[in-house]
Each structure stands twice: as C-alpha cells, then as structure tokens.
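>>> coordinates only, sequence not included:
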C-alpha cells in the first residue's frame, strides 16, 4: 500500500483569469473510525483521521473544512474558487495525530 | 498407405476432440503467494478443518465439493429426484424467513417476491411474485428447489436439496411460502426495489483520474519499488532501463501468455512472483501489496493500447480450451459455473441482489487490477476469482494457480482489441 498522506490536486486544463474553477483533491488516509464497546461507550484512544482541510491561494485562505472520521477513507474534496492571478493553490490536510499533508497545483492561464 | 495415414490422423483428431482439453504436460506449480492466498486448509486440534483465506473472509471448509483444480476429478453433484416427506406441513412464515435469509442463499439474490423488506432482489431467475397463481403441484415446486436439473438440465439454479444446503423440512416451508404468492399485485411503490425496473449502475467516473481513483496514486508510488535494489543489489530499473513507462510500454497487452521458461500460462502477477526474486532477490509474492502495485504500474504503461493476447498458437489454443472448460465447469456446493452468472444467455447484465453481473463477452480483465470502493483496496483478477469461490461454496485455489491463469487467459481473449485502462474502479 501507498504511504499515508499522498496528495493529488487537479485543476481544469484551461482556465482564464476571473474564472470560478472547480478543484478536485484526494489524500491517501485511513480515516480511522471511532469504535464503541459493548455498552456503547466510545473506546478511548487517539483516533487517526483528518479533521481540518485548508486551501490557500495567493496568501489567502480560499476554502477551509472541518471534517470528522465519518468522511470516507482516502477522501476526495471538491470545491470551487475564483482564479484571478497566476499562483500556487496549496491544499493542506491536517489529521488528529498532528500530521500535515500538502498538495499543490499551479494556476496558469492559457 | 497414404490413405491409411490420413485416416489414422483423422481418427486421432476426433479422439482428442471427444476427450476434451489435454491436461497432461502441465508443470506442478508450488504457490508463490502470501499465506492467505494459497488456498490452504488446515486441521484444527479438534479435528475440524478450517480454510485459510484473507482476513475477514469466511474460514468455512468446502472440501466436500469440487473445485477448479485440474486434478480434482470428482464429478459434479449427482442429479437427484426427491418427493416432499409425508406428514410434514409447510409453514409459509418460516418459508418466507428462509427465502430472505442471508445465512442461506438468499433466494432473493435471484428471485423477486413481494414485500418492502425484500432488498435488494435480483433478476437472474424468474420473478416469483405471483408463482402461487400458476397452481403448480407442491411436489413439482419441491423437486424444483431440491434439484431443478431433473426438469431443466442446463439450469443456473443450484440443487439446494441435493447439495444439502437446505433440509427437506426447510424446502417444505419454502414451497408453502411460494404457494401463498398470488396476484393481483399492488402497484410497485419503488422502481428501485424491482430489479426489472431498477436503474442500471453508471460507474464511478474516470478511473485514471488520481483525484478520483486512489489506486492510481498507489500505483505511481510503486515506482519507488521499481527503482529500489533488492537484496542482491539489483533493481527492476537496472535491466529495464529508460523508466517504467517506456520500458514496459505495450508489455501488458500480451499477458496472460505462455512463458516458455516456466512451461505455463502466466499473468504479469504470476510472472513477477518468480522473475522478481530471481533477478533482484526480493520476494514478490502473489497478492502481496508489492506485487499488485507493481502490476498496476506495469499495466498503466500500456494504457490505451489494445489487448493482444495470443489465441492462435497451438499452446495458446490448448490453454484456452482448458480455460474455457473451467469457465463452463460446475463446481462447489451451488454447482455453479462462471458461465451461469457471466454469459449473456444466462445471468450476465442481470441483477444478482443489488449487483449487476458482468458480461464475459465485453471483456472483464483489461481494467484489472481494479480499485474496489467496497473494499478500500486494489484487487487483481485472482483475488476477484478467489472472492467468487465463497458464494459458489468451493475452496479457492492458490492465487497463482495454473487453473486460474488459463481461466484468466480465456476471459482476456474477449478483451482482445479493446484498450487497456488500468487501474479500474468498481464497487
């Protein structure tokens, strides 16, 4: 299996300044699920799942998500933002163990 | 004299056709698979036998029933006639519970019956929603469940009584339930409940988009493995230079094929199990993550190219004949063949429960290894075969068995000319 934290980010192949573009991103992550004991109590341990996703572009946060372990394994996040200038879109996935996994895509105009 | 020789040749030709495929001259093949994938059965201290399978799979031993092994010469379950036992009254309620029981068949996998709790029903067998209106005798329905081959020799329905999957009493209850199913049927509230009107699945989008199919990301990662030297200091990249994409371009289009050095048909996965350790010293056991990931990487180098497996040489034709015989061979507790579910004349393109059965004539192998959204893992063709064995009620063979390789070759012959697109993505 692949290592945890591989990120892929994908932008449309041709975009123009000012376009609202749809970004697709995927991170390889187990998104460990909460377990309960026979009495229904949550088993106390440090669960491993992504709880925050932050997308930055031109020094500004363009999207941020608070997530829980109910999001699937190897999750895909899709969102839109307005591409105004050339630059780098960075998507950072933070998990409950302090892991931070980043992927980038270059915003280029043709 | 010459005429005699010709006559002898014709007779010899007839003899081989009548005898079916030739199983002689195949090598004995020790498995190079991970322990869970070897099809082992072990004896427990209390004498019970337990099948070794993957984590989370059943450990039930189906040793009573025949398998795909070429040396398993047992016949299929003999056809058996039976009459309902006298003095046993059927209970329709019990019968309905049995009909829906997932511990058993369930019968609803193939047959539609009324009820909102019938979910998901399949359409492989006839709709039984109003079977009671046909006024069939109890004894006929009993025989039909016990062993339908008495009436329909080529049926896809298993012999539930003859295989001892259902007891005589249970079949009496099932018959009582079926006789209560009478029309007129109320209007169907949900088109999805009925497999004859249910929408067809549309798939999971672009399988080659890494933000859609995690297997692409995993396979690209296997490039590290391709470049990493094994214990004897050599890596795949040392002999196959120019990068995996260039070095392996078009290679996958010819597999499975007969590899003369090993005297058997091999898929890429099979070949890696022996070729990898011979050259690099690193084991690449069948069904290990390394083997499957490398296979995906190698196969991706041929994406878009048409499959061109050899189907014309004498060796290939002999192997195809054996693979085809396996495809039509009835095995396991259910006495099913691959053909029951996967040929358009029988189950293909129909629903088995909620699953659409794949059609062999469309070619089923060119997207393998494939990401399974239901399993969260990439599966090669062999693990898919092994997964099929459990519902058939048959013990699985080793993932790298010759029987599976030749069956895979037969399936791949239908992919010929169609473009490779791996890794795929399926439920």
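Ah, there it is. Everything numeric in this text was worked out from a predicted model, so none of it was measured.

>>> which residues touch residue B:35?
Applying Cβ atoms under 8 Å, 6 or more residues apart in numbering or on different chains, we find residue B:35 in contact with residue B:52. (C-beta placed from N, C-alpha, C; glycine too.)

>>> flag every residue of chain A that's near chain B.
A:1-3, A:6, A:8-10, A:24-26, A:28, A:73-74, A:76 (Cβ under 8 Å from any Cβ of the partner chain).

>>> let's go with 10 Å and repeat that
Proximity of chain A to chain B, by Cβ under 10 Å from any Cβ of the partner chain, involves residues A:1-3, A:6-10, A:23-31, A:72-78, A:103.

>>> and the residues you listed, which are buried?
Neighbour counting with 16 or more other Cβ atoms under 10 Å in any protein chain shown marks A:2, A:6-10, A:23-31, A:73-77, A:103 as buried within the residues of chain A next to chain B.

>>> taking the residues of chain A next to chain B one by one, which sit in helices?
Among the residues of chain A next to chain B, no member falls in helices (DSSP state H).

>>> mean confidence for stretch B:141-160?
Averaging pLDDT along stretch B:141-160 yields 96.

>>> repeat for stretch B:224-238
The model assigns stretch B:224-238 a mean pLDDT of 96.

>>> hmm, it in reach of chain A?
Yes - judged by Cβ under 10 Å from any Cβ, stretch B:224-238 and chain A are in contact via residue B:224.

>>> how far is that stretch from where the chain is centred?
34 Å (Cα atoms, centre = their mean, to the nearest Å).

>>> repeat that for stretch B:376-387.
10 Å.

>>> mind listing which of the residues of chain A next to chain B are in strands?
Applying DSSP state E to the residues of chain A next to chain B, the entries found in strands are A:7-10, A:23-27, A:76-78, A:103.

>>> got CSV for those residues, with pLDDT too?
Converted to CSV, these look like this (pLDDT from 0 to 100):
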residue, pLDDT
A:7, 94
A:8, 94
A:9, 95
A:10, 94
A:23, 95
A:24, 94
A:25, 95
A:26, 94
A:27, 94
A:76, 93
A:77, 95
A:78, 94
A:103, 95
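
>>> ok, so of those residues, who is nearest residue B:193?
For those, the residue nearest residue B:193 by Cβ to Cβ is residue A:76; the value is 30.0 Å.

>>> what about that closest one, distance to residue A:24?
For residue A:76, the distance to residue A:24 equals 6 Å [Cβ to Cβ, to the nearest Å].

>>> so what does residue B:391 have for phi and psi?
Dihedral pair for residue B:391: phi -60, psi -20, per degrees, to the nearest 10.

>>> give me the element the nearest residue to it once chain neighbours are set aside is part of.
Among residues not flanking residue B:391 along the chain, residue B:334 sits closest, at 7.3 Å (Cβ to Cβ, 6 or more residues apart in numbering or on different chains). In the assignment (DSSP states H and E), residue B:334 maps to no helix and no strand.

>>> now residue A:52
strand A:50-57.

>>> any regions of chain A where pLDDT drops low?
Regions of chain A meeting the criterion pLDDT under 70 cover residues A:1-2.

>>> so how far is chain A from residue B:379?
Residue B:379 is 13 Å from chain A, where distance means Cβ to the nearest Cβ, to the nearest Å.

>>> what's near enough to touch the closest residue to residue B:84 other than its chain neighbours?
Take residue B:84 and drop its neighbours on the chain: the residue closest to it by Cβ to Cβ, 6+ apart is residue B:142, 4.5 Å away. Residue B:142 makes contacts with B:82-85, B:90, B:161, B:168, B:171-172, B:174-175, B:178, as judged by Cβ atoms under 10 Å, 6 or more residues apart in numbering or on different chains.

>>> redo that, cut-off 6 Å
B:84, B:171, B:175 (Cβ atoms under 6 Å, 6 or more residues apart in numbering or on different chains).

>>> contacts for stretch A:71-91 next, please.
Contacts of stretch A:71-91 (Cβ under 6 Å, 6+ apart): A:9, A:15, A:19-26, A:28, A:30-31, A:53, A:55-58, A:62-63, A:102-108, B:211, B:214, B:376.

>>> can you give me the offset of that stretch from its chain's centre?
Going by Cα atoms, centre = their mean, where stretch A:71-91 is centred and where its chain is centred differ by 7 Å.

>>> repeat for stretch A:49-62
8 Å.

>>> how about the residues of the stretch 201-350 of chain B by chain A?
Contacts of the stretch 201-350 of chain B with chain A, taken as Cβ under 6 Å from any Cβ of the partner chain, map to B:210-211, B:214, B:217-218, B:221, B:289.

>>> thanks a lot, catch you later.
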